[in-house]
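Chemist: What would the 3D arrangement of this be:
(one chain, ligands or ions: 2)
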Amino acid sequence: MKTRKLAISCPQCGSGAAFYSCTPNCCFNHVCADCGTTFEPMTTATGRTVSGVTPPDPLPEAGDPTAACAKCDSTAVYMTEDGSLVCEKCGALLVLELTEVCPG
Ligand SMILES: [Zn+2]
Ligand SMILES: [Zn+2]
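Modeler: Numbers count the residues shown, from 1 in each chain. Ligands and ions are numbered 1, 2, ... in the order given. The predicted model follows:
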């Protein structure tokens, strides 16, 4: 299954210019470059899994949106072509939720 980099829209203004401002061993704080809103993405498992997940090429960079897998905590979480989330490590299909939304 082909994947692409995670894309997260700002929950406040809908901008796609959100970037990851921290590191996975700290927190998942993201900042919207357009309105300054901060938020943290989290995932919930749908209970379904897939196999043969191909990571995106090129791989995401440090500032690209990042979320952790609800099942195995891996940050190798990518988007499938139909826009759902999948973990490359364990193959879990995931649903994205945005928490800690703090308008800038
Ligand atoms: Zn925004
Ligand atoms: Zn996983």
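Chemist: now the strands: where do they sit in the chain?
Modeler: Along the chain, counting by DSSP state E, strands occupy 3-4, 18-20, 30-32, 38-49, 77-80, 85-87, 92-102.
Chemist: between these, which one is nearest to Glu61?
Modeler: Comparing the strands of the chain by their distance to Glu61 (Cβ to Cβ), the top pick is strand 18-20, with 9.2 Å. Every C-beta, even on glycine, is put in place using the N, C-alpha and C of the backbone.
Chemist: For the chain, which residues are neighbours of ligand 1?
Modeler: By the rule Cβ under 5 Å from the ion, the part of the chain lying against ligand 1 is Cys10, Gln12, Cys13, Ser15, Cys32, Asp34, Cys35, Thr37.
Chemist: Can you tell me which of these end up in helices?
Modeler: Nothing among these maps onto helices, per DSSP state H.
Chemist: could those residues go into a markdown table alongside pLDDT?
Modeler: Below are the residues of the chain next to ligand 1 laid out as a markdown table (pLDDT from 0 to 100):
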| residue | pLDDT |
| --- | --- |
| Cys10 | 97 |
| Gln12 | 97 |
| Cys13 | 97 |
| Ser15 | 97 |
| Cys32 | 98 |
| Asp34 | 97 |
| Cys35 | 98 |
| Thr37 | 98 |
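Chemist: Any chance of the residues you listed in TSV with neighbour count as columns?
Modeler: Below are these laid out as TSV (neighbours: other Cβ atoms under 10 Å):
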residue	neighbour count
Cys10	24
Gln12	19
Cys13	15
Ser15	13
Cys32	23
Asp34	15
Cys35	15
Thr37	19
